[in-house]
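Chemist: structure for the following, please:
(chains A, B, C, D, E and F)
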Number of protein chains: 6
Amino acid sequence: MGSLLVVSAHAGDFVWRAAGAIALATGRGERAKVLCLSFGERGESAKAWREGKTLSEIKAIRRAEAENAAAVLGAEIEFLDAGDYPLRESEELIDRIVHVYREVDPAVVLTHPPVDPYNGDHPAAARMALQARVLAQAVGYDAPGEPLGAPPVFFFEPHQPEQCDFKPNVLLDITSSFETKRKAMECLSAQQHMWDYYTGLAKRRGVQVMRNAGPNLGLPHTTMGEAYMRLYPQVTEVLA
Amino acid sequence: MGSLLVVSAHAGDFVWRAAGAIALATGRGERAKVLCLSFGERGESAKAWREGKTLSEIKAIRRAEAENAAAVLGAEIEFLDAGDYPLRESEELIDRIVHVYREVDPAVVLTHPPVDPYNGDHPAAARMALQARVLAQAVGYDAPGEPLGAPPVFFFEPHQPEQCDFKPNVLLDITSSFETKRKAMECLSAQQHMWDYYTGLAKRRGVQVMRNAGPNLGLPHTTMGEAYMRLYPQVTEVLA
Amino acid sequence: MGSLLVVSAHAGDFVWRAAGAIALATGRGERAKVLCLSFGERGESAKAWREGKTLSEIKAIRRAEAENAAAVLGAEIEFLDAGDYPLRESEELIDRIVHVYREVDPAVVLTHPPVDPYNGDHPAAARMALQARVLAQAVGYDAPGEPLGAPPVFFFEPHQPEQCDFKPNVLLDITSSFETKRKAMECLSAQQHMWDYYTGLAKRRGVQVMRNAGPNLGLPHTTMGEAYMRLYPQVTEVLA
Amino acid sequence: MGSLLVVSAHAGDFVWRAAGAIALATGRGERAKVLCLSFGERGESAKAWREGKTLSEIKAIRRAEAENAAAVLGAEIEFLDAGDYPLRESEELIDRIVHVYREVDPAVVLTHPPVDPYNGDHPAAARMALQARVLAQAVGYDAPGEPLGAPPVFFFEPHQPEQCDFKPNVLLDITSSFETKRKAMECLSAQQHMWDYYTGLAKRRGVQVMRNAGPNLGLPHTTMGEAYMRLYPQVTEVLA
Amino acid sequence: MGSLLVVSAHAGDFVWRAAGAIALATGRGERAKVLCLSFGERGESAKAWREGKTLSEIKAIRRAEAENAAAVLGAEIEFLDAGDYPLRESEELIDRIVHVYREVDPAVVLTHPPVDPYNGDHPAAARMALQARVLAQAVGYDAPGEPLGAPPVFFFEPHQPEQCDFKPNVLLDITSSFETKRKAMECLSAQQHMWDYYTGLAKRRGVQVMRNAGPNLGLPHTTMGEAYMRLYPQVTEVLA
Amino acid sequence: MGSLLVVSAHAGDFVWRAAGAIALATGRGERAKVLCLSFGERGESAKAWREGKTLSEIKAIRRAEAENAAAVLGAEIEFLDAGDYPLRESEELIDRIVHVYREVDPAVVLTHPPVDPYNGDHPAAARMALQARVLAQAVGYDAPGEPLGAPPVFFFEPHQPEQCDFKPNVLLDITSSFETKRKAMECLSAQQHMWDYYTGLAKRRGVQVMRNAGPNLGLPHTTMGEAYMRLYPQVTEVLA
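Modeler: Here you go, the predicted structure:
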């Protein structure tokens, strides 16, 4: 019963892209932790800026929304408040992420894919999440806790997948957790048009779950899915 | 408890490349069937030709070796005797493979990767195995049996993997079945230098099993592996 | 005012994948011609087979549906009845397609992308459409009419785009023709679940139209889109 | 009638690689602005160094040449004097580029492709140009002016295109502006051997313009071209 | 002192694309043999067709031109007259090529790259050349002569290299043989505009020879080059 | 008789991955210099950390081992002690590497490939080695010595080649220097299990040397090899 760690550039990403996986994990009684490197206060809060909100007000709004969504999913959440647009890569920030790895000792890691021509913060978050994972594995790296094992890394789906070289090689059946995902999405009240957009995407990936699983499995037409891309080879004792 | 179908261009391929997976499957009590499209009588029997053997003698030798290896692995074996060097792609041959799919109803399919600049028969076998799988899915295709589901396809490892664009995304732990694989290899008596070569490869892939699984799993230093490349996305209910 | 030629493996493909582009062209007063290489009678008519229909009945049903859809779109349609599952590549069939190129003299060509691990007929149609286009360009090729120019080729969107290496580089705004596309889809009465599926896809591609065009253009939130992949470089006098 | 922004690592790049596009734009009455991040004073001024010129002399020479070339093209030019070999990526420099984006509000952006194993400054300029474009789009980014729309980005041609993964997908017909381009090239008096080299390249790309446009267009044998690579999908209402 | 075998789809290809390499080889006293699968009578003889020549007249013209060019280069030439547009792939044709391999026993093989969206005959020739090479290696393949070794294969440069995924990894210095290449080109009298085009290309590749060799080698500014793409890994005892 | 420069992230890399090439070079009487950017004190010394050694003790051990191995190979060695896990990229470090290039004036450069999802230090070393090489070529770059030529760069083999996009295009026959490589490996006493692992790899690459060289060369069954990936095109006067 391992833990799940989700490293997210902004406060909303983990909801749209990975809430189904998170709810599945917590539903199985596993620990799930979301690490938000920033609140997305500059790059993903256009509406609030247009309404004349201040920077600290916007951060507070985004924090509250993300905390509510995490609570719905049964997940812990931590914010590093490292700033966005741009999210600055630094040794200090990577070191803080190493400490989180050592504390959580995740069995599985989720993060952004490393290519996104529409948003530089997403690849920056991915690069730091990946580098911190490798550093946390070294016994010689100076941070509390045991050296990390080799948890598999899954990239979650970006907004325009083909332009991000995102070719899913894992389709996750989230039918049983989709209702919870929808409730978590509804915590992000400023982005109401996204609720239906990502419900539509879940249906679309659900159709692919059915097609790739095959008709013999008898999956219902209401199957919902999330798409992932595995970075490292799968290790297994059974081909399936 | 599904069946395993292995589509192999020549009589020896399934042993060097997939015997570990086959023995794991039969060890779990599953049915495994090997379909050899040819005996490899022209392209992979240089020694026998140099010794002056006739074509039919060479076919008989290769058939016997392969049958012995299959028996060691607990697998069925069938030969289509379609000729090698070149293995000719034809509608008739594909149709015969469709019939095998419909009869075996495999849960998992193994075959060659579709690129190999050193051996044109391997990609030809892969293309036919893949096309037959899709045809067997169609209720309108005229062959006995039920339409096939959507069994996942795994490409096994070619001789020079990098030149064949073979980037493994599945590492199979075959430690428990390696002894059986070795015995199956030893049935191919004309290629004795390959026994050690593929034992060395299994060790190498075993080291990668350990590295990618992580030290926390406590895998022994004697871990042996086989590498595979998944064609379709994995469908799952658990990210792991 | 050039013509549009759409080369489709089966009778329904042009509707789901390109009806928006076709209706835009005919709406501008251009000629559009759909060439269906087969009816999709074996591979895409599962329901009819399960209902016990005969082969010729199924062909007639599919023909009628496609003719109705083409009529809604204002397009001509021709069926080559070359058989599906598998669609056989042959010199004779390619020659027939060359004749169509010479007769239509298209300014733009639409067809399937050349990779599809889920359906071998689609790449086969694409290969023949592309080869026929090159042959039709040769003055020395024996067919009536003038040698073809160099009409650009656009691949339309397959069902599982990422698995087909489909990376859209053209996003077509079909907002003004979507209502017509929907009516054409509704002519395909046996596949009712697809109507909503491809309406959802058009919304999704519409969001990408808006994102890539930029907010300054003031596109409405009801923008609908189709995605295409250009095979040859765009030739232009203006970068835009 | 939008503006054109060209982001160039060194003082000469915009002339060899994009002068045809610039002259076409200004010829249509559009504003064009060239932003040179450095003068190329260390990496691309070998001859001047060998003649014993000082750093400030070399900068002055390169500035004058580039200003003359820009004047010939009818374009504005600005130098950020950020140093070359290496061109250092920094938040401050990116911020200055954001300010230029907000001021110019370009309808089209030209810059280097992001891969160049022969010159690290070119990818560095590209990365900064691309990141600044995304930052300039955010209403929350603190810089004067309106948030940027989504201007398309075109990579211009590097010196050894194939080694830079440069696969042109746009061929620009610069026949009508080539004479102006040639005059702009002749402003770069230290690199006389390049005048003919890039005239030869324009002929070569012109042949490709003709081939891809097709003989029906009746383009003259004197067609000249420039090659570009589009980063984002083209948005359009007409496939052509 | 090994032999050189050039497998060419049409009668002119070996001149534009590989004459420099051929003349270097014969200049060193090596045997060079050109195998033309067709004359290019339909696809590459537009002018002759427009002048009303018959098929057999066109073949005769192209044969004579190619024989003259080969003579200038000091190479043997053989025509298989297999027809073009399309060049049909067949087992019989491959078998004839196998016989040529066995007879010539080449130390080096040159042919077209396997991708060309502008001309289907080129990839067809490449596929047959490559398959025949592998078949000729098998002692069990029924053809006179000794089994072939493993001669390296180099793809020569297509007309639009980037669109053919042609990324040169070998730059051949043909300065010393260029004058001979020019004379061979001038044997192809119907295509006079190509003489300068391919002279321009040789200069261009020559500049790359200089750049990649480095200034220390003191190559003259008149260096001429041809670009190639190696299919198999280079085997060597010295890294250089 | 040029020099060989090997740029290595950690103290052991040059032994496992390139000792055969180094020994071949020194055996020919050429100068070889190894530049270790760090000792690998944190990331590759797990055993020493577990034994309670201090940081400076570990550095001293790794230094001594690497010096011994270099001595066995007849190579010079220099340590920059820049720290590992992470190896920090900085302008200062790159400048130090430029000075080494200018001093050694290498004819050939070896370093890590630029992709390695298992170890961020390797790509960091590669990026710095490549950038320094380009900077050292500029006459305007302020460092002693003559501007560098254009020495070819070869990437040596990473631990999990396929996951690092390592596709060898050069296979080096190290049969004659393998015994020396083995002795150098045995200087790295803490990693005894690696001795056999890399002996096994040398055999494996040796088999590929034989296969790609062809049977006609009569290479012995004891051929040993190292695999490399060339960054820039090979420049040559002979195709072979």
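
Chemist: only C-alpha atoms from now on, for both contacts and neighbour counts.
Modeler: Fine.

Chemist: so, low pLDDT: which residues of chain A?
Modeler: A:215-217 (pLDDT under 70).

Chemist: tell me which element the nearest residue to residue A:132 once chain neighbours are set aside is part of?
Modeler: Once flanking residues are discounted, residue A:132 sits nearest to residue A:98: 5.0 Å by C-alpha to C-alpha, 6 or more residues apart in numbering or on different chains. Using DSSP states H and E, residue A:98 sits in helix A:91-104.

Chemist: which other helices and strands contact that helix?
Modeler: helix A:121-136 (3 or more C-alpha pairs under 8 Å, 6 or more residues apart in numbering or on different chains; DSSP states H and E).

Chemist: and residue A:5, what helix or strand is that in?
Modeler: Here residue A:5 is assigned to strand A:3-8, by DSSP H and E.

Chemist: next, the angle helix A:91-104 makes with that strand.
Modeler: Inter-element angle recorded for strand A:3-8 and helix A:91-104: 160 degrees (by axes from the mean of the first three to the mean of the last three C-alpha atoms, to 10 degrees).

Chemist: tell me which parts of chain A are close to chain F?
Modeler: A:131, A:134, A:135, A:138, A:139, A:140, A:141, A:232 (C-alpha under 8 Å from any C-alpha of the partner chain).

Chemist: find the nearest non-adjacent residue to residue A:200, please.
Modeler: Using C-alpha to C-alpha, 6+ apart, the closest residue to residue A:200 is residue C:200 (6.8 Å).

Chemist: the one you found against residue A:202, yeah?
Modeler: No - contact between residue C:200 and residue A:202 fails when scored by C-alpha atoms under 8 Å: they sit 11.3 Å apart.

Chemist: so these two - more neighbours on which side?
Modeler: residue A:202 (25 against 18; other C-alpha atoms under 10 Å in any protein chain shown).

Chemist: residues contacting that one?
Modeler: A:224, A:225, A:226 (C-alpha atoms under 8 Å, 6 or more residues apart in numbering or on different chains).

Chemist: can these go into JSON lines with extra columns for neighbour count?
Modeler: Output for the contacts of residue A:202, formatted as JSON lines (neighbours: other C-alpha atoms under 10 Å in any protein chain shown):
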{"residue": "A:224", "neighbour count": "27"}
{"residue": "A:225", "neighbour count": "30"}
{"residue": "A:226", "neighbour count": "29"}
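
Chemist: those in strands, which ones?
Modeler: A:225, A:226 (DSSP state E).

Chemist: buried ones in whichever helix in chain A runs longest?
Modeler: Taking DSSP state H as the criterion, chain A has its longest helix at helix A:192-213. Neighbour counts using 16 or more other C-alpha atoms under 10 Å in any protein chain shown place A:195, A:198-213 of helix A:192-213 among the buried residues.

Chemist: returning to that earlier point: from the residues of chain A next to chain F, which is closest to chain F?
Modeler: Using C-alpha to the nearest C-alpha, residue A:140 is the member of the residues of chain A next to chain F that sits closest to chain F, with 4.3 Å.

Chemist: just list the residues touching the residue nearest to the closest one when sequence neighbours are not counted, thanks.
Modeler: Nearest residue to residue A:140, sequence neighbours excluded (C-alpha to C-alpha, 6+ apart): residue F:42, at 4.3 Å. By C-alpha under 8 Å, 6+ apart, the contact set of residue F:42 is A:138, A:139, A:140, A:141, F:84, F:85.

Chemist: just these now: which is nearest residue F:110?
Modeler: residue F:84 (19.5 Å; C-alpha to C-alpha).

Chemist: and for that closest one, the neighbour number?
Modeler: Residue F:84 has 23 neighbours, counted by other C-alpha under 10 Å.

Chemist: what do you get for the one 10 residues further on?
Modeler: Burial of residue F:94 is recorded as 21 neighbouring residues (other C-alpha under 10 Å).

Chemist: show the contacting residues for it.
Modeler: Contacts of residue F:94 (C-alpha under 8 Å, 6+ apart): F:128, F:129, F:131, F:132.

Chemist: please, where are all the strands along chain A?
Modeler: Along chain A, counting by DSSP E, strands occupy A:3-8, A:32-36, A:76-79, A:106-111, A:153-156, A:170-173, A:225-230, A:234-236.

Chemist: okay, those strands in CSV with distance to residue F:58 next?
Modeler: Formatted as CSV, the strands of chain A follow (distance: least, C-alpha to C-alpha, whole Å):
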stretch, distance to residue F:58
strand A:3-8, 33
strand A:32-36, 34
strand A:76-79, 36
strand A:106-111, 29
strand A:153-156, 31
strand A:170-173, 42
strand A:225-230, 35
strand A:234-236, 33
